[in-house]
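# take a look and give me a structure for this.
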Amino acid sequence: MMLNAMMFILEFGAGLIADSAALMADSVDMLGDAAVYAISLYALDRSLRWRAGMALAKGGFILLLGVGVLIEIVVKIVWGHPPISSVMLLFGGMALVANLCCVALLWPYRRHDVNLSSTFECSRNDVLANVGVLAAATLVSLTASPWPDAVIAAIIAFLFFRSALRVVREAWPQYRGVAPAAAE
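Okay, the predicted model is just below:
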């Protein structure tokens with residue numbers, strides 16, 4: 001959780017300096033993960049209904065992150081210029097290492113319940129996003145075009161939307177399936 005919060009600060013600042021939509025999208029995802037991890041840890045000793053409710057909240061939060069990324073993409077396309085690829089490579093690489101550590105820690109719990117499953121899903125998607133940021137940085141360096149950055153940011157947004165739908169689809173039946181009296 002603290003690793004993700006720290007990486008959000010570093011990566012978001014780097015995204016501003018590099019003018020990279022992909023790096024900023026990935027950093028916002030780090031912030032989301034820090035919040036998701038905190039919620040997941042808090043939910044561990046709660047009822048099944050409560051954990052499913054927290055998973056629903058995480059799904060909504062992930063959806064909002066996707067919308068934020070789409071807004072950044074529009075800004076990038078309208079006013080953008082090529083980002084600084086060396087900054088993208090450095091901080092994208094740091095984020096990849098951080099997320100691989102998170103995935104390794106969560107791996108044994110990835111199918112434990114909907115709460116931890118949704119947390120693992122977020123971390124796995126982050127690794128994919130990090131690889132995308134590194135690919136975008138390489139392509140920006142080779143082409144001097146802002147488009148690879150915008151395309152990777154759009155893919156990250158798609159991952160947010162896909163994850164949000166999956167989390168909500170899994171959590172909703174569990175939330176509805178437990179009687180409120182039993183959940184308290």
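
# what helix or strand is the most centrally placed residue in the chain on?
In the chain, the centroid-proximal residue (Cα atoms, centre = their mean) is residue 29; its distance is 3.2 Å. Element membership for residue 29 (DSSP states H and E) is helix 21-43.

# what's that helix packed up against?
Helices and strands touching helix 21-43, by 3 or more Cβ pairs under 8 Å, 6 or more residues apart in numbering; DSSP states H and E, are helix 2-18, helix 48-79, helix 85-106, helix 114-143, helix 147-177. Any C-beta I mention is one placed from the backbone N, CA and C, and that applies to glycine too.

# need the ones you listed in TSV with mean pLDDT, can you?
Conversion of the helices and strands packed on helix 21-43 to TSV gives the following (pLDDT from 0 to 100):
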stretch	mean pLDDT
helix 2-18	91
helix 48-79	85
helix 85-106	93
helix 114-143	87
helix 147-177	88
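
# from the ones you listed, which stretch is densest packed?
Among the helices and strands packed on helix 21-43, helix 114-143 has the highest mean neighbour count (mean count of other Cβ atoms under 10 Å), at a mean of 21.

# show me what it is packed against.
Using 3+ Cβ pairs under 8 Å, 6+ apart as the contact criterion, the elements in contact with helix 114-143 are helix 21-43, helix 48-79, helix 85-106, helix 147-177.

# how about those, which one is nearest residue 8?
Residue 8 lies closest to helix 21-43 among those, at 3.9 Å (Cβ to Cβ).

# so residue 82: helix, strand or coil?
The three-state assignment at residue 82 reads coil, by DSSP: H, G, I helix; E, B strand; the rest coil.
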